[in-house]
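**Student:** No letters, just coordinates:
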C-alpha cells in the first residue's frame, strides 16, 4: 500500500494564494497545484517538479525571488515542502 502525504499550503508574499502538494512514501512529489498566480508558468512548474524528490526541489528552487518581492512561487513551494516534511 502506498502511503501519501498531502498539504494545502497558504502562500505568503506571492500572487498565488495556495499550493496543493502531495508526495509518496519515498518523498517523491506526485501532485502539485497552485491556486492563483501566473497560471501557465505555475502549471509548468508543477509538471517539472512532479516525480522529483522533495529535497532536490528545495535545493533547486530555494532562494528564488520574483521581481522586488522577498519570495516567489517556487520559493513558496519550498516552504510548502518543509511543512509537508513535518508530517509523520
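**Tutor:** Looks like it arrived, so ask away. This is a predicted model, so every value here is computed, not measured.

**Student:** contacts, neighbours, all on C-alpha from now
**Tutor:** Fine.

**Student:** Check the closest residue to residue 32 other than its chain neighbours and give its pLDDT.
**Tutor:** When the adjacent residues along the chain are set aside, residue 32 lies closest to residue 21, with 4.7 Å between them (CA to CA, 6 or more residues apart in numbering). In this prediction, residue 21 carries a pLDDT score of 98.

**Student:** Quickly note the distance from residue 21 to residue 37.
**Tutor:** Applying CA to CA, to the nearest Å, the value for residue 21 to residue 37 is 16 Å.

**Student:** In space, what's closest to residue 77 - neighbours in sequence excluded?
**Tutor:** Among residues not flanking residue 77 along the chain, residue 19 sits closest, at 7.1 Å (CA to CA, 6+ apart).

**Student:** need the contact list for the one you found.
**Tutor:** Listed by CA atoms under 8 Å, 6 or more residues apart in numbering, the contact partners of residue 19 are 7-11, 32-35, 77, 80.

**Student:** same question, residue 43
**Tutor:** Per CA under 8 Å, 6+ apart, neighbours of residue 43: 33-34.
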